[in-house]
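Participant: Structure, please.
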Amino acid sequence: MEEEEDGDQEDQAGDDDEEEMAHFQGTWQRIPESLKLHLPPNKTNLWNEYDVMECSRQFLPEVVDYLVPLEMDGRGLYNFVNNPNKWCFDKMSLGYYLKLMSNLNRVINDYNNHAVEY
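Facilitator: Okay, here's the model as predicted:
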């Protein structure tokens, strides 16, 4: 019986994409959000460091200089913008932080099929 349970756990652990995105599912609408949806080229699910840079470059090229040393993937970006004190410890301006937060909120709202509110 234990062998079967271990096998089930291995099967579940192999589905990384769904596990990584599960924390976005069913969330309430996040505000503020940007009016335009920015995504990395050819990417819809898990974001690596390159994807975060490419997405950020679309709406605020200057912020890339702050993000490069942080080596932030998609989950890192999510954790970063959800910690209201993190931006000041990483010496990022409040304006850049708010821009990152509003764009990530737009991505999460789109993922959860929330309508854009203007």
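Participant: Select the helix or strand of this structure having the lowest average pLDDT value.
Facilitator: Among the secondary structure pieces of the chain, namely its helices and strands, helix 2-13 has the lowest mean (mean pLDDT, DSSP states H and E), a mean of 42.
Participant: Settle this for me: W47 is touching E54, isn't it.
Facilitator: No - counting by C-beta atoms under 8 Å, E54 is not a contact partner of W47; they are 9.0 Å apart. Where C-beta positions appear, they are placed from N, C-alpha and C, glycine not excepted.
Participant: what residues do those two have in common as contacts?
Facilitator: With C-beta atoms under 8 Å, 6 or more residues apart in numbering applied, the overlap between the contact sets of W47 and E54 consists of P40.
Participant: between those two, which one's more packed in?
Facilitator: Comparing W47 with E54 by neighbour count (other C-beta atoms under 10 Å), the higher total belongs to W47, at 23 against 18.
Participant: Spatially, which residue comes closest to that one, not counting chain neighbours?
Facilitator: Counting by C-beta to C-beta, 6 or more residues apart in numbering, the nearest residue to W47 once its immediate chain neighbours are dropped is G74, at 3.1 Å.
Participant: And that neighbour, its phi and psi?
Facilitator: Phi and psi for G74, reported as degrees, to the nearest 10, are phi -60, psi -40.
Participant: how about low-confidence regions in this protein?
Facilitator: When the per-residue scores of the chain are filtered using pLDDT under 70, the ranges that remain are 1-26, 43-44, 87-90, 118.
Participant: repeat that with 80
Facilitator: Scanning the chain with the threshold set as pLDDT under 80 gives 1-27, 42-45, 81, 84-92, 116-118.
Participant: Go through it and flag its longest helix.
Facilitator: The helix of greatest length in the chain, counted in residues with DSSP state H as the criterion, is given as helix 94-111.
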